[in-house]
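J.: 3D, please:
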Amino acid sequence: MFLSQDQIQTSVESLKGVHPFFGISFLVFKEAGLPVGTTTNLLINHKEDEFLNKYYRPQSNSSWFYRAFRVSDKNQFWLRPDYASKGSQSVRTRTFKAAFLHPKGTDQWGWKTDYVEELSRHLNKQQKIPAYHLAIWLYRERDWPQGIRPEDVLTAFQNQFNFTDSEKTDLLDMSTPASISLQSLVAEAQFSWVTLTNRLNIPPPPDTPQEEGGTLSLLTLEGVGPAKKLHLEFAERTNLITGDNGLGKSFILESAWWALSGQWNGFQAFPREDAKRDEPKIGFQISSKSGKLDKAASVYDWENQAWSFPKDRPTVPGLLIYAKVDGAFAIWDPARDYWESSSKTDKLSTNSLIFSREDVWNGLSTNYGGRISYLSNGLIADWVYWQNNPDQEVFETLKKVLFKLSPPNLDSGSLGSLEPGKPQKIPGDSRYIPTIRHSYGEVPIVYASAGVKRIVALAYLIVWVWEEHKTQSKLIRKASQRRMVILIDEIEAHLHPQWQRTILPALFEVWKDLNSDIQMQMLIATHSPLVMASIEPFFDSEKDKIFHVDLVKSDLLGREVRVESPDFIKYGTSDSWLRSDIFELKQARSIEAERAIEDARNLQLQTNISRQSVAEISQRLIKYLPAHDKFWPRWTYFAEQHGVEL
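T.: As a prediction, this is how the structure comes out:
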């Protein structure tokens, strides 16, 4: 059994009023058995450094020590690696000098006979050291036997440090909190430092390597966008964003891209007309693969007409792919992009790749100082190269991804799988052009339908990004990423309903063809009830989320945009999804038919019903409803009751 996360958090918060001397140096002297009234040779700096490394170094990849005690500056959460020989040495020989026998320049140390009285002078507001909470911190990783009680923790503390009666009377509070129970004291899982830092907002130590492979867990927009304030807490896997046109779904994706990459994909967001000077703010939180949450916020600089970016770069995200509805793409690769810092500025490098629709197909280059660099060869060139390369590994990956993203092959009338054919030449172009093999022949991809082109481009970029990332990672001697964030605006664009029903489940499987260890987060905007229905078999409330952007009443005079995250409900059919609170249609039919049915229902609720009014609505229903519509039996009976034969 281990001490519980909640108990450790409570104890850490209870130590904030304690002077660091009592939690470090005092305990080292006690454990060493420092004599009273005489001195002994003690290498205190060495002993204290050992003690700090054992009890105050919770983050193994850092050499700094966590300061769990009173601080003069709220930002001083950490003690330097040389704290024992410098910071602590000064405290021992100056602040607490009157408590020791210590000839200057020697390793001789001892307590003066009145040391307890001298030490008590330094208690914070005469409050004694909370021995129980200090022991909880020291023993936070110890594996305890079943049935452990709070008294057992204090007994272990007493046995290790041999406190005297006078110390327990004048310096230490040896009581246990009355509210502590066995259930709140222990847990089966060992304490997590990452969880504690997230709960208490503890910053990482200064020497911590920057974490990579983050995903977006929170986005807040204030004074910018379609609403005065929007708040979205994203799930770790799939996030579906729905809502009417013009309410901000694409803006949310653009802002999410900026929060992750640090760059705007096109025009930057501009504050609302009604925003106050200090109001426009974009906040976000990046979740690392270890679970650490990095919060950051950007404010709008009115003079420079630009958004600031946090001076300390949050966790670097994993690979990013943003598929826009117009066929353009944006790519961000942590193996290419780095956080540039200087004494004057902190900013992201500008190496993310922004592809227009033409760039995706024909390649992307840049001219710097008269030197042309080719950032991408483009789909046409890469496809043919991969297909003709003796090493077929990349091309085989492309074929697998294309197959999974293909429309369903339900019958002989279906388009069939997206299978590469033999490259061809076409009039007016000297290049060989990739082809897609359909049941009616091979079609050069430049002549393919809009839907096929969009999915082919997505498949290509997924493979290209992964292959480029592996190459770039190898060049800089770093391991490849295992996390990816993909943003897609209107995933159903140009796709037949049959294809809309399979594209999202297919994306769940695609990444296995790249690397089985890849973890993916998706942020997807959609208007399609078929896309929503397609996720029903896979939806996991712990990993997936729905966001509904809606226009609601703010007061009697106005309306405002809000984002809600409703519970996921299986509506089953696309008709049911259309009539759900997500899409808000009264009827899944034409407007004329909907109005005729609504008028018919309202008429049925009235008391004085004329034959003429029944006949008029019957004619409208005949005009707009099919003969097999399920509304007919109910209406036919009603009409006949009022003298109208149908």
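J.: so where's the chain uncertain?
T.: Confidence mapping of the chain against pLDDT under 70 gives the ranges 71-75, 210, 289-290, 311-314, 337-351, 410-414, 555-557.
J.: Show me how the record splits it into domains.
T.: As given by automatic domain parsing, the domain ranges for the chain are 2-200, 212-381+449-578, 591-641.
J.: Pick the most deeply packed of the ones you listed.
T.: domain 212-381+449-578 (a mean of 18; mean count of other Cβ atoms under 10 Å). (Each C-beta comes from the backbone N, C-alpha and C, glycine too.)
J.: longest helix of the chain?
T.: Longest helix in the chain by number of residues (criterion: DSSP state H): helix 450-475.
J.: Let me have the domains of the chain in CSV, adding distance to residue 402 as columns.
T.: Below are those laid out as CSV (distance: least, Cβ to Cβ, whole Å):
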stretch, distance to residue 402
domain 2-200, 39
domain 212-381+449-578, 5
domain 591-641, 39
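J.: For residue 400, find the nearest of the ones you listed.
T.: Residue 400 lies closest to domain 212-381+449-578 among the domains of the chain, at 4.3 Å (Cβ to Cβ).
J.: Now do the end-to-end distance for that closest one.
T.: End-to-end distance of domain 212-381+449-578 (Cα to Cα, to the nearest Å): 40 Å.
J.: for stretch 598-610, same thing?
T.: End-to-end distance for stretch 598-610, by Cα to Cα: 17 Å.
J.: Mind listing residues that contact that stretch?
T.: Stretch 598-610 is touched from outside by 586, 587, 613, 614, 617, 620, 621, 631, 635, 638, 642, with contacts defined as Cβ atoms under 8 Å, 6 or more residues apart in numbering.
J.: and the next element down the chain from the longest helix of the chain?
T.: Moving toward the C-terminus from helix 450-475, the next helix or strand (DSSP states H and E) is strand 483-489.
J.: for the next helix or strand along the chain from that following strand, packing partners?
T.: Going down the chain from strand 483-489, the next helix or strand is helix 497-510, by DSSP H and E. Helix 497-510 is packed against helix 393-404, helix 450-475, strand 519-525, helix 529-534, with contacts defined by 3 or more Cβ pairs under 8 Å, 6 or more residues apart in numbering; DSSP states H and E.
J.: same for the longest one, what does it pack against?
T.: In this structure, helix 450-475 makes packing contacts with strand 319-323, strand 329-332, helix 357-362, helix 379-388, helix 393-404, helix 497-510, judged by 3+ Cβ pairs under 8 Å, 6+ apart.
J.: can you check the third one too?
T.: For strand 519-525, the helices and strands in contact under the criterion 3+ Cβ pairs under 8 Å, 6+ apart are strand 212-222, strand 238-243, helix 249-261, strand 483-489, helix 497-510.
J.: now for the second one, which elements pack on it?
T.: For strand 238-243, the packing partners by 3+ Cβ pairs under 8 Å, 6+ apart come out as helix 249-261, strand 519-525, helix 529-534, strand 544-553.
J.: Turn these into TSV, columns for distance to residue 568.
T.: What follows is those, written out as TSV (distance: least, Cβ to Cβ, whole Å):
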stretch	distance to residue 568
helix 249-261	18
strand 519-525	14
helix 529-534	9
strand 544-553	6
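J.: Quick one: closest of these to residue 175.
T.: strand 544-553 (45.4 Å).
J.: how about the domains of the chain, which one is nearest residue 440?
T.: Of the domains of the chain, nearest to residue 440 by Cβ to Cβ is domain 212-381+449-578, at 12.8 Å.
J.: Can you give the distance from that closest one to the centre of its chain?
T.: Centroid separation between domain 212-381+449-578 and its chain, computed with Cα atoms, centre = their mean, to the nearest Å, is 11 Å.
J.: Kind regards, and thank you for your time.
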